[in-house]
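Visitor: Coordinates for the following, if possible.
(chains A and B)
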Number of protein chains: 2
Amino acid sequence: MKLATLANASPDGQLVVVSADLTRYASAGGVAPHLQAALDQWDVAAPKLAELYRRLNEGDIAGKPFEPEAARAPLPRAYQWIDGAGYLSHLERVRTAKGSKDAELQDQRPLMYQGASDSLAGPRDNIILPEDNLAPDFEAEIAVITGPVPMGVDHETAAASIRLITICNDVSFRRLVADDLQGGFGFFHAKPATSFAPIVATPDEFGDAWSSSRLHLKIKSFVNGTLYGQPNAGADVAFDFADLIVAAARTRELGCGTIIGSGTVANAHDNLLPVRGEEPGFSCIVEARTAEKLVKGKASTPFLKAGDRVHILLEDESGNSPVGDINQMVVAHGAE
Amino acid sequence: MKLATLANASPDGQLVVVSADLTRYASAGGVAPHLQAALDQWDVAAPKLAELYRRLNEGDIAGKPFEPEAARAPLPRAYQWIDGAGYLSHLERVRTAKGSKDAELQDQRPLMYQGASDSLAGPRDNIILPEDNLAPDFEAEIAVITGPVPMGVDHETAAASIRLITICNDVSFRRLVADDLQGGFGFFHAKPATSFAPIVATPDEFGDAWSSSRLHLKIKSFVNGTLYGQPNAGADVAFDFADLIVAAARTRELGCGTIIGSGTVANAHDNLLPVRGEEPGFSCIVEARTAEKLVKGKASTPFLKAGDRVHILLEDESGNSPVGDINQMVVAHGAE
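Guide: Numbers count the residues shown, from 1 in each chain, chains lettered A, B, ... in the order given. Below is the predicted model:
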């Protein structure tokens, strides 16, 4: 089934079921007021939501037109947002750019950081620039939402804890990354509100494309209409979602409704921008710039600036995005 | 007023009002089911809670006996937990111990890290050791809960956003701190569930002891009954809570119900353990060990081990703790 959260007077929004083709929705208020409440009682709520979804798809419920503009993040505020680093190609490309003193890649255990989850952005929310010259960048990722996960979870249980799948944009201020790392306390100011696609879908919605805790679909990123990346999220995966969950639960349990990001999706290749034909390209700007520096001695792809538009979506066999798309404009603080 | 959260069938627990002397409580279910719900509509809820508090204190409501054993963390799950570093004496002492390559102290802007907020521990919950030899440590801190804070907030508005005050134990696995820092993504595995005192109190409850966004009270820490520290949280403050909030909101808004930690409370001094007379001592073990290494060439105070008990409380003029106490036993995972 497919779910979304529409804006209402509550900070958590209103839970709705969305038709498979994303054209219509029906309120799920009779099952749970918001997505976290449904997750909290998933064994009871999920069958009821699935029944609503079936009836909506079959036309038994007419529903109302679904407008992504009215959607908030599926969880507008969550109790936990953890971003992993599942794709080592991304790390390899950005390590130098970040000025890391650590030459060795973390190829034994996945790196992850604790992100802010109190104010997650919707698919059409602006990316707000609090200051000039922050070198704003996008990061296109797959994200999952879990049920409760016990401390020291095994791989199989971790895989089974994945309830919902979507995509996100882990917005990053590159100029603050070095500051944050220098402090030694990890990312903080460099990571403003992460944004999410309008739809979260259960794993069965992806058919064979979801297997082994990874999503075998292309994730496409555009800046101002120009394709920057289209890597396959199922390829070159060093750590799948079950691996990330196992690692995250090493020293503590994970609460119900924890969101886990895959890390910036990256396939191994030596290409530059522009993307030609089926080349994977990049799911963030800093990788493209690092490749340019290596090959041409100088980075030419600019970071984002006010007025730019970032567009991120999945592409399934039929060419559609099963979770809708993220389409955000970059805006200076105070001008939004 | 003083509030607490008692265990019930809900993941958020039940909001109660507690008498000023912490002996009795009355359900606040008629105002809000749980603390986050009260915070979400604070302008409406706070006057009603204050009225309940007045009636409970005056004996107009009999109430029931308040047992800290039944209390959960005031917010058993929160949308945000940020820990600052307000006391530079702590940083000075632990920098070497953490193997930081960064010799310069962050004395211009406060360091802070994004902590896990999905499963916060109650005042009597065990500290669970997931593995052997993690060098478990406590960190005694002041914590505040805020209302919504806009991006780029000024100092005065930040100060006014503080709604509730308590203390917490930022449990740390010192052996994993270096691993986490080496990865460059900040604390993650080194910081399991932070625990909180049973009571959160509004600033007015502290009288003159709360001023300039800092709490001028001693915070006392004991391990197995031995006093380890009693620094004054209002002294040697490099960054007060308003400073920490301003810094946290530099690049993003903070959601309603954000919890901010002061960092390990530390006064400047050259003493060692044991604490003699009015000496401040230490609010964590690693500081005591670092002082021992410097003076004696070797650390002698051991980290925590299974069976140990950590006791943390505030001390007001009358010798009582206005927010109750944290009293946790250290237990091996699987043995709890």
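
Visitor: so what's A:Gly281 bridging to?
Guide: In this entry, A:Gly281 is beta-bridged to A:Gly229, by DSSP bridges.

Visitor: Pick out the residue in the stretch 51-200 of chain A sitting closest to chain B.
Guide: Proximity of the stretch 51-200 of chain A to chain B (C-beta to the nearest C-beta) peaks at A:Gly186, 1.3 Å away. Quick note: C-beta positions are derived from backbone N, CA and C, even for glycine.

Visitor: what's the neighbour count on the residue nearest to A:Leu120 when sequence neighbours are not counted?
Guide: Using C-beta to C-beta, 6 or more residues apart in numbering or on different chains and skipping the chain neighbours, the partner closest in space to A:Leu120 is A:Ala73 (3.9 Å). Counted with other C-beta atoms under 10 Å in any protein chain shown, the neighbours of A:Ala73 add up to 28.

Visitor: got a list of what A:Ala73 touches?
Guide: A:Thr5, A:Leu120, A:Ala121, A:Gly122, A:Pro123, A:Ser195, A:Phe196 (C-beta atoms under 8 Å, 6 or more residues apart in numbering or on different chains).

Visitor: ok, those vs B:Glu205, which is closest?
Guide: Nearest to B:Glu205 among those: A:Leu120, at 33.3 Å, using C-beta to C-beta.

Visitor: Thought A:Phe196 was touching the closest one, still the case?
Guide: Yes. The pair A:Leu120 and A:Phe196 qualifies as a contact (C-beta atoms under 8 Å) at a distance of 6.1 Å.

Visitor: Between the two, tell me which one has more neighbours.
Guide: Using other C-beta under 10 Å, the more surrounded residue of A:Leu120 and A:Phe196 is A:Phe196, with 32 against 24.

Visitor: gap between that one and B:Gln36?
Guide: Per C-beta to C-beta, to the nearest Å, A:Phe196 is found 21 Å from B:Gln36.

Visitor: Sketch out the helices for chain A, chain order is fine.
Guide: Counting by DSSP state H, chain A has these helices, from start to end: A:35-40, A:42-57, A:88-97, A:155-160, A:174-183, A:241-248, A:285-296.

Visitor: and those helices as CSV, adding distance to A:Ile259?
Guide: Shown next, in CSV, are those (distance: least, C-beta to C-beta, whole Å):
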stretch, distance to A:Ile259
helix A:35-40, 11
helix A:42-57, 15
helix A:88-97, 19
helix A:155-160, 15
helix A:174-183, 21
helix A:241-248, 11
helix A:285-296, 23
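
Visitor: Could you look over these and pick the most buried one?
Guide: Counting by mean count of other C-beta atoms under 10 Å in any protein chain shown, helix A:241-248 has the highest mean neighbour count of those, with a mean of 24.

Visitor: and A:Lys171, backbone torsions?
Guide: Residue A:171: Val, not Lys. phi -60, psi 140 (degrees, to the nearest 10).

Visitor: in chain A, which segments are predicted with low confidence?
Guide: Along chain A, the parts satisfying pLDDT under 70 run over A:95-107.

Visitor: center of it - which residue?
Guide: Centroid check for chain A by C-alpha atoms, centre = their mean gives A:Cys168 as the closest residue, at 2.2 Å.

Visitor: looking at it, it is touching A:Thr264, isn't it?
Guide: No. Using C-beta under 8 Å, A:Cys168 is not in contact with A:Thr264, being 10.6 Å away.

Visitor: shared neighbours of those two, which are they?
Guide: Residues touching both A:Cys168 and A:Thr264 by C-beta under 8 Å, 6+ apart: A:Glu141.

Visitor: returning to that earlier point: and of the contacts of A:Ala73, the nearest to B:Arg174?
Guide: Taking C-beta to C-beta as the measure, B:Arg174 lies nearest A:Leu120 of the contacts of A:Ala73, at 32.1 Å.

Visitor: so what's the residue of the stretch 51-200 of chain A closest to chain B up against?
Guide: Contact partners of A:Gly186, counting by C-beta under 8 Å, 6+ apart, are A:Tyr113, A:Gln114, A:Asp180, B:Tyr113, B:Gln114, B:Asp180, B:Gly184, B:Phe185, B:Gly186, B:Phe187, B:Phe188.

Visitor: Please report how far the nearest residue to the fifth one once chain neighbours are set aside lies from B:Glu315.
Guide: The shortest distance from B:Gln114 to any non-neighbouring residue, by C-beta to C-beta, 6+ apart, is to A:Gln114 (4.6 Å). Plainly put, A:Gln114 is 32 Å away from B:Glu315 if you go by C-beta to C-beta.

Visitor: Then A:Asp308?
Guide: To B:Glu315, A:Asp308 is 55 Å away according to C-beta to C-beta.

Visitor: do the same with A:Ala332
Guide: Relative to B:Glu315, A:Ala332 is positioned 48 Å away (C-beta to C-beta).

Visitor: Tell me who's in contact with A:Ala266.
Guide: Going by C-beta under 8 Å, 6+ apart, the list of residues near A:Ala266 reads A:Tyr87, A:Leu88, A:Ser89, A:His90, A:Arg93, A:Pro231, A:Asp236, A:Pro280, A:Phe282, A:Ser283, A:Glu287.

Visitor: Enumerate every residue touching the fourth one.
Guide: Residues touching A:His90, when contacts are defined by C-beta under 8 Å, 6+ apart, comprise A:Gly263, A:Thr264, A:Val265, A:Ala266, A:Ser283, A:Cys284, A:Glu287.

Visitor: Pick the one among these closest to chain B.
Guide: Among the contacts of A:His90, A:Gly263 lies closest to chain B (C-beta to the nearest C-beta), at 10.5 Å.

Visitor: Outline the domain layout of chain A.
Guide: Residue ranges for the domains of chain A, per automatic domain parsing: A:2-70, A:81-332.

Visitor: Looking at the ones you listed, which one is packed in the most?
Guide: Sort the domains of chain A by mean neighbour count, taking mean count of other C-beta under 10 Å, and domain A:81-332 sits at the top with a mean of 21.

Visitor: what's the spacing between that domain and its chain's center?
Guide: The chain centre lies 6 Å from the centre of domain A:81-332; the measure is C-alpha atoms, centre = their mean, to the nearest Å.

Visitor: got the end-to-end distance for it?
Guide: Start-to-end span of domain A:81-332 (C-alpha to C-alpha, to the nearest Å) is 25 Å.

Visitor: For A:Met1, grab the count of nearby residues.
Guide: 22.

Visitor: No more questions from me, cheers.
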